[in-house]
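Visitor: Quick check, what structure comes out for this input:
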Amino acid sequence: PMAVGGSAMLSTSNYLARRYGVRAAMPGFIAKKLCPELVIVPGNHEKYSTVSAQVMDVISKYTTEFSAMSLDEVYCDMTELVKQRTVSPELCPVHGEAPLSEILDKSACYWSNR
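Guide: Numbering: from 1, shown residues only. This is a model prediction of the structure:
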């Protein structure tokens with residue numbers, strides 16, 4: 001389990017840490033009490049911004065219908081991509097091959113559809 005932040009405040013945590021009750025905006029020292037094996041790493045806003053720009057660049061190649069809500073959250077409409085690829089709607093966009101593969105190749109960034 002891991003989280004980003006410090007002993008005063010966490011900005012996020014992974015799904016494994018969340019199973020222990022660790023959450024964003026939680027003091028790190030409280031998170032460590034809930035999950036003693038928690039690894040807390042400091043944030044790196046410069047790197048985060050760089051990777052976010054890479055991901056947005058890839059998404060913009062596939063659709064102009066997207067809205068970035070923050071550095072790590074984007075809503076996009078890939079309906080036309082699905083139609084062009086004749087992929088069943090229930091498999092896309094989360095499981096569509098091209099955008100996800102390109103994002104992973106360019107940024108080494110994994111994502112979740114939760």
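Visitor: what residues are up against the spatially closest residue to Tyr48 that is not a sequence neighbour?
Guide: Excluding its sequence neighbours, the residue lying closest to Tyr48 (C-beta to C-beta, 6 or more residues apart in numbering) is Leu71, at 5.7 Å. C-beta: built from backbone N, CA, C; applies to glycine. Leu71 makes contact with 48-49, 52 under the criterion C-beta atoms under 8 Å, 6 or more residues apart in numbering.
Visitor: Closest one to Gly28 out of these, please.
Guide: Tyr48 (18.2 Å; C-beta to C-beta).
Visitor: Could I get the buried residue list for the top helix by length along the chain?
Guide: Using DSSP state H to define each element, the chain has its longest helix at helix 45-62. Within helix 45-62, the residues that count as buried by 16 or more other C-beta atoms under 10 Å are 51-52, 54-55, 58-59, 62.
Visitor: Ramachandran angles for Ile40?
Guide: Ile40 adopts backbone torsions of phi -110, psi 120, taken as degrees, to the nearest 10.
Visitor: ugh, typo on my part, it should be Ala3
Guide: phi -150, psi 160.
Visitor: Many thanks, have a good one.
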